[in-house]
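Colleague: Show me how the following folds:
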Amino acid sequence: MGEDRWEVFDAELPLVGLRYGPQRTRMALVGLGRGDLLVMSPGGGLSEADWARVAEFGVPRWVLAPNHFHSAGIAAWKERYPTARVVAHPTAIPRLKTKVPGVEFEDVSLLAAALPPSVRLMHPPTTKQGETWLSMRVADGCAWFVTDGIVNETKLPGVVGGLMWLIGFRARLMVNPLFKRLFLGDLHAYQSWVLAGLDRDAPRLFIPSHGAVIQGGETTARLRAAVEAG
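Modeller: Residues are numbered from 1 along each chain as shown. Here you go, the predicted structure:
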């Protein structure tokens, strides 16, 4: 478990990424003020050194499952921080309850009401798995943390990569083809919503759960092109 799994995007907020699992999926720790943390897309398999580093950034008060797939670490985080509240979009909660029995899932609207002005939840329309993103004000402007709706893989590995290619994945920034085909009710509505969000926020930092981070002045334009391409 190398140090490169940890990514500090903004030490002041803080906004921190942590890669986990064989696919190096990314989760995020987001500061909410007064030392409180939101854990977004909670991952599993953390070492004691990882848990110690989490504590350096604050105390997890909220654990957010960003859809009904990203549930790998929910039980571990709840066991480690039993007072943390676990939340998800109402669409995601029924399946999450079957995947993580014994954990109480609350409506994500409770978290939305508790967030500081610097952090905002984003719910893409017509998604079938309860997709939730975050928009955050950071030192360099605005950052987006996106789970499955947009990916930025730099290569498609091995046999799994071949299967991904057949599904429609490519080694580039793109709308997730599996998400688009199976978990999105209306592509046009989704595209319009994302493009409006880009106009509003003009993010300079894009942090995907799947793939490489994009940062700098071209971030918004690159996201716009990828979403418009469908």
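
Colleague: any idea where the strands of the protein begin and end?
Modeller: 6-10, 15-20, 25-33, 36-40, 59-65, 85-88, 105-107, 119-122, 133-138, 141-146, 150-152, 173-175, 205-208, 214-215 (DSSP state E).

Colleague: I'd like these laid out as TSV, including mean neighbour count, distance to Leu187 and mean pLDDT.
Modeller: Where C-beta positions appear, they are placed from N, C-alpha and C, glycine not excepted. Listed next are the strands of the chain as TSV, based on neighbours: other CB atoms under 10 Å; distance: least, CB to CB, whole Å; pLDDT from 0 to 100:
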stretch	mean neighbour count	distance to Leu187	mean pLDDT
strand 6-10	16	30	97
strand 15-20	21	28	97
strand 25-33	22	24	97
strand 36-40	23	25	98
strand 59-65	22	24	98
strand 85-88	23	23	98
strand 105-107	15	27	98
strand 119-122	19	17	98
strand 133-138	21	17	98
strand 141-146	24	16	98
strand 150-152	22	13	97
strand 173-175	21	8	96
strand 205-208	24	19	98
strand 214-215	18	22	98
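
Colleague: Any chance of the ones you listed in CSV with distance to Arg222 as columns?
Modeller: Output for the strands of the chain, formatted as CSV (distance: least, CB to CB, whole Å):
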stretch, distance to Arg222
strand 6-10, 17
strand 15-20, 19
strand 25-33, 18
strand 36-40, 22
strand 59-65, 26
strand 85-88, 29
strand 105-107, 33
strand 119-122, 18
strand 133-138, 17
strand 141-146, 12
strand 150-152, 9
strand 173-175, 6
strand 205-208, 8
strand 214-215, 6
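
Colleague: pLDDT-wise, which helix or strand of the chain ranks last?
Modeller: In the chain, no helix or strand scores lower on mean pLDDT, DSSP states H and E than helix 158-167, which sits at a mean of 72.

Colleague: Going by neighbour count, list what's buried in that helix.
Modeller: Met164 (16 or more other CB atoms under 10 Å).

Colleague: Restrict it to CA atoms and write it as CSV.
Modeller: Below are the C-alpha coordinates for helix 158-167, written out as CSV (Å, rounded to 0.1, in the frame of the first residue of the first chain):
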residue,chain,number,x,y,z
GLY,A,158,-5.4,-6.7,-19.6
VAL,A,159,-8.4,-9.0,-20.1
VAL,A,160,-10.7,-6.8,-18.1
GLY,A,161,-9.6,-3.9,-20.3
GLY,A,162,-10.7,-5.9,-23.4
LEU,A,163,-14.1,-6.4,-21.9
MET,A,164,-14.3,-2.8,-21.1
TRP,A,165,-13.4,-1.9,-24.7
LEU,A,166,-16.2,-4.1,-26.0
ILE,A,167,-18.7,-2.3,-23.7
